[in-house]
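Q: Here is my input; please provide its structure:
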Amino acid sequence: MQALDFSDRPPRTRKPATRLVFPLGLTVAITSAALAGPQSDHYIDDRSSPERVIISLYNAVNRQEYLRAWSYFNPETGPPLATFTEGYTGTAQVELRTEGAAGSIHAMVPLVLKATDTDGSRKVFTGCYHLTQVQPAAQTTLPFRPILIDDGRLEESDTPFPEAMGQCDTP
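A: The predicted structure is shown next:
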């Protein structure tokens, strides 16, 4: 695993950024309670809700579209693109399960990932993504700011995937 550290970014006005950990040696495939139907590698770019942004993020990783995956992060607070891309070197598969989002402008999405390494070994990661969006009705100048991931963290867990729970710290 490789940890991505957001601390080299400018300070934020709300809670300081945490570490975002991505599994190394893993290619990502997505399933989710929020994603109806069977596993799919179809293109998904849905920024209509915080949970759909996370699903879209891992869809991009699954398709090895790392620039698109990185684009879901706020460029001012997210990881550098090169570091983000390196975090997925050798990725084989990740299964996503989200726990639902709280809020609409500032949201936290707890999640659980099951990562399968290229050698077939599996690991479970739990964590949380923090997302924000400027109220759409209040946006009157270009560019329009969609829902973006501000920060997040993933940590390896010993709990089996079906029982594992993503946890978000309250702001």
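Q: gap between the residue nearest the centre of the chain and residue 111?
A: Ranked by distance to the mean C-alpha position of the chain (C-alpha atoms, centre = their mean), the top residue is residue 54 at 4.9 Å. The gap separating residue 54 from residue 111 is 6 Å, by C-beta to C-beta, to the nearest Å. From N, CA and C alone the C-beta is placed, and that goes for glycine too.
Q: for stretch 163-171, which positions count as buried?
A: 164, 166-168 (16 or more other C-beta atoms under 10 Å).
Q: CA-only coordinates of that stretch in CSV, if you can.
A: Taking C-alpha atoms only, stretch 163-171 is exported to CSV below (Å, rounded to 0.1, in the frame of the first residue of the first chain):
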residue,chain,number,x,y,z
GLU,A,163,-19.1,-7.2,7.6
ALA,A,164,-16.7,-4.3,7.2
MET,A,165,-18.0,-0.8,7.7
GLY,A,166,-16.7,2.5,6.3
GLN,A,167,-16.3,5.2,9.0
CYS,A,168,-16.4,9.0,8.6
ASP,A,169,-15.2,11.4,11.3
THR,A,170,-17.8,14.1,12.0
PRO,A,171,-16.6,17.6,11.0
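Q: how far is it from where the chain is centred?
A: Relative to its parent chain, stretch 163-171 has a centroid offset of 14 Å by C-alpha atoms, centre = their mean, to the nearest Å.
Q: just stretch 151-171 next, same as before
A: 12 Å.
Q: Equivalent analysis for stretch 44-52, please.
A: Relative to where its chain is centred, stretch 44-52 has its mean C-alpha point 11 Å off (C-alpha atoms, centre = their mean).
Q: With stretch 68-86 instead?
A: Centre to centre, stretch against its chain (C-alpha atoms, centre = their mean), the figure for stretch 68-86 is 10 Å.
Q: Just the strands from the protein, written as ranges.
A: 2-5, 19-22, 93-98, 106-116, 122-132, 148-157 (DSSP state E).
Q: before we move on, back to that, let me have the buried residues of stretch 163-171 in JSON lines, extended by pLDDT.
A: Supplementary listing: these in JSON lines, determined by pLDDT from 0 to 100:
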{"residue": "164", "pLDDT": "95"}
{"residue": "166", "pLDDT": "92"}
{"residue": "167", "pLDDT": "90"}
{"residue": "168", "pLDDT": "91"}
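Q: and these as a markdown table, adding distance to residue 59?
A: Conversion of the buried residues of stretch 163-171 to a markdown table gives the following (distance: C-beta to C-beta, whole Å):
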| residue | distance to residue 59 |
| --- | --- |
| 164 | 21 |
| 166 | 18 |
| 167 | 23 |
| 168 | 22 |
